[in-house]
Each structure stands twice: as structure tokens, then as C-alpha cells.
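1. Turn this into a structure:
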Amino acid sequence: MDRHGLSERRACELEDLHRSVFQYRKRGQDDVALRKRLRELANERRRFGYRRLHILLQREGVEVNHKKLFRLYREERLTVRKRGGRKR
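-> Numbering: from 1, shown residues only. Now for the predicted structure:
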């Protein structure tokens, strides 16, 4: 736009880009507290997966999308711990 002296509207039209996409700014979110609480719950309840942890967080009043919670769960490398095998 600066180099060719074009308006935003014209530049986006030439690039076949929607103006709302061009103007989009990602909002940074601080998930540190949520990640910490998720790790705490996962350590307390080792047999709970992300779905049941989501329910526990909802009961505490934390509003978070299940897809975001799953992403954080995987990024923290949390998994359902396996039970010990039966001794024969």
C-alpha cells in the first residue's frame, strides 16, 4: 500500500483478500492460571481425561471452550495414567 500509494480497500481487492482478514489482530490471552489449574487437577485425578477435567473446571466457574482445553491439555503433555496390571 505504501509503495504503490493504494488505499487499503484497493490493495485488498487486488490481492483478493477480505478487508476484515487484513485488519484482524490476534488478541493475546494469558492462559498461565488455566494451565496451572489444569495440571493440578490432572495430578489430583490421574484417571480423568480432558473431558472430565473440563467438567470440574466448569464447576469451579472457569469458562473455557472444550477445544481450547483439549489443545492446552495436549500442549501440557497430560494423559490419562494407566492402571497397574493384574498380578497373576
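2. what element comes up after the helix or strand containing residue 55 heading to the C-terminus?
-> Applying DSSP states H and E as the criterion places residue 55 in helix 50-59. For helix 50-59, the succeeding helix or strand toward the C-terminus, using DSSP H and E, is helix 66-75.
3. Can you point out the buried residues in that following helix?
-> By neighbour count on 16 or more other Cβ atoms under 10 Å, the buried set for helix 66-75 is 69, 72, 73. Heads up, the C-betas are built off the backbone N, CA and C, glycines and all.
4. Go ahead and confirm the second one touches residue 32.
-> To tie it back to what came earlier, the one meant is residue 72. No - counting by Cβ atoms under 8 Å, residue 72 does not reach residue 32; the two are 10.7 Å apart.
5. how close does the spatially most central residue of the chain get to residue 45?
-> Nearest residue to the geometric centre of the chain (Cα atoms, centre = their mean): residue 68, 3.1 Å. To residue 45, residue 68 is 20 Å away according to Cβ to Cβ, to the nearest Å.
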